[in-house]
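Structure of the sequence below:
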Amino acid sequence: QVQLVESGGGLVQAGGSLRLSCAASGRTLSNNFMGWFRQAPGKERDFVAGINWSGRTYYADSVKGRFTISRDNTKNTVYLQMNSLKPEDTAVYYCAANRRAYYSGNYYYPAEYAYWGQGTQVTVSS
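Okay, here's the model as predicted:
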């Protein structure tokens, strides 16, 4: 059974930085597309960033140039470095993994992902 556990969320002032981690257990996900999503109260869960098995990265327009996704396959862990944070980045951030290896699919959509973490709260104060 695959488990994803996020960590690194917290409260930060606008302009600050946070680094989120997503540790996977149960099986290696080094060949699986991994994504970060976020969900603010009363809103849908939105794609933030994704990374494929070879390290190619994808970003939502709202975070390009500020967020960086990376992965360490030796640790079965994916990271999200968030810089220049804004109050509108406030949300619960979720890590997700595609079930199939070497498959990106429609990575922008939550339905493409079979495995999800429990989420970590990120709050950016103005």
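
same for the strand or helix carrying Val92, what does it pack against?
Val92 is located in strand 91-101, with elements delineated by DSSP states H and E. Where contact means 3 or more CB pairs under 8 Å, 6 or more residues apart in numbering; DSSP states H and E, strand 91-101 is packed against strand 3-7, strand 18-25, strand 32-39, strand 115-116, strand 120-125. All C-beta spots, glycine's among them, are computed from the backbone N, C-alpha and C.

Run me through the strand neighbours of it, direction for each.
Paired neighbours of strand 91-101 in the sheet (DSSP bridges): strand 32-39 (antiparallel), strand 115-116 (antiparallel), strand 120-125 (antiparallel).

roughly how far is that strand from the heart of the chain?
Distance of strand 91-101 from the chain centroid (CA atoms, centre = their mean, to the nearest Å) equals 6 Å.

What is the neighbour count of the closest residue to Gln39 other than its chain neighbours?
Nearest residue to Gln39 in three dimensions, chain neighbours excluded: Arg45, at 4.3 Å (CB to CB, 6 or more residues apart in numbering). The tally of other residues near Arg45 (other CB atoms under 10 Å) stands at 17.

Chain neighbours aside, what residue packs nearest to the residue lying farthest from the centre of the chain?
Within the chain, Ser126 marks the point farthest from the mean C-alpha position, 23.0 Å out by CA atoms, centre = their mean. The shortest distance from Ser126 to any non-neighbouring residue, by CB to CB, 6+ apart, is to Pro87 (4.8 Å).

Now do the contacts for the one you found.
The contact partners of Pro87, by CB atoms under 8 Å, 6 or more residues apart in numbering, come to Ala14, Val124, Ser125, Ser126.

Most neighbours of all the residues you listed, which one?
Busiest of those [other CB under 10 Å] is Val124, holding 20 neighbours.

Next, Lys43: phi, psi?
phi -120, psi 170 (degrees, to the nearest 10).

Dead centre of this structure: give me the residue that sits there.
Centre-most residue of the chain, counting by CA atoms, centre = their mean: Trp36, 2.0 Å.

residues near the nearest residue to it once chain neighbours are set aside, how many?
Closest residue to Trp36 apart from its sequence neighbours, by CB to CB, 6+ apart: Val48 at 4.4 Å. Number of residues near Val48 (other CB under 10 Å) recorded here: 23.
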